[in-house]
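Visitor: Pasted the sequence and its predicted model underneath.
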Amino acid sequence: MTRTRSLLLLGAPLLVAVLVVVLLTGERDVPVADLPATPTVVAAVVLEPRIPEAGEEVVARVTIAADRPITVRALTVQVLKRTTNTSHDFPELADHALGTTTQELTFRRTFDTPGRYTYFLAYRLDDGQWVRLKPWETVTVR
């Protein structure tokens, strides 16, 4: 036998052994953690004008995005009058799609009574529960 042929014959079992070791102990796919069951939604709300008069139209400008595509059953700016704890929400958007790209939304309403109001963005998913996003801000209607 030639020396080259002997090296090949000896090297073949070694190559098979290395392949077996690599296949049996090699890195496996690393599992990626699932997203949490509840989506993460981030948003900001700005009211215009900053100090509205009673009866004047108030515009709520919302920027919003989520960590995954979702459809919320309802989306609104919820408003509570501080002295009476009564609801004065902006009109809801029904079945609204959110995604990872920031959206700009506009809500409009008037406040007929002067006073201090707390407002925040809220959305409702399939379970029927409202998710209220912080920060909770206040506005004084004159």
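Guide: Arrived safely. All values reported here derive from a predicted model rather than from experimental measurement.

Visitor: can you give me the strands in the protein?
Guide: Using DSSP state E, the strands of the chain run over 41-48, 57-66, 70-81, 86-87, 93-98, 103-110, 115-124, 130-132, 137-141.

Visitor: now what about the third one, what contacts it?
Guide: Strand 70-81 is contacted by residues 39, 41, 45, 60, 62, 64, 86-99, 105, 107, 111, 113, 115-126, 128, 130, 132 when judged by CB atoms under 8 Å, 6 or more residues apart in numbering. For glycine as for every other residue, the C-beta is placed from the backbone atoms N, C-alpha and C.

Visitor: Buried among the residues you listed? Make that a PyMOL selection.
Guide: With 16 or more other CB atoms under 10 Å as the criterion, this PyMOL line picks the buried residues out of these:
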select buried, resi 39+41+45+60+62+64+88+90+92+96+98+105+107+111+115+117+119+120+121+122+123+124+125
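
Visitor: Look at the residue nearest to Tyr119 when sequence neighbours are not counted and say how many residues are nearby.
Guide: Of all residues not flanking Tyr119 in the chain, Val79 sits nearest, at 4.6 Å (CB to CB, 6 or more residues apart in numbering). Neighbour count of Val79, defined by other CB atoms under 10 Å: 20.

Visitor: Also Pro135?
Guide: 8.
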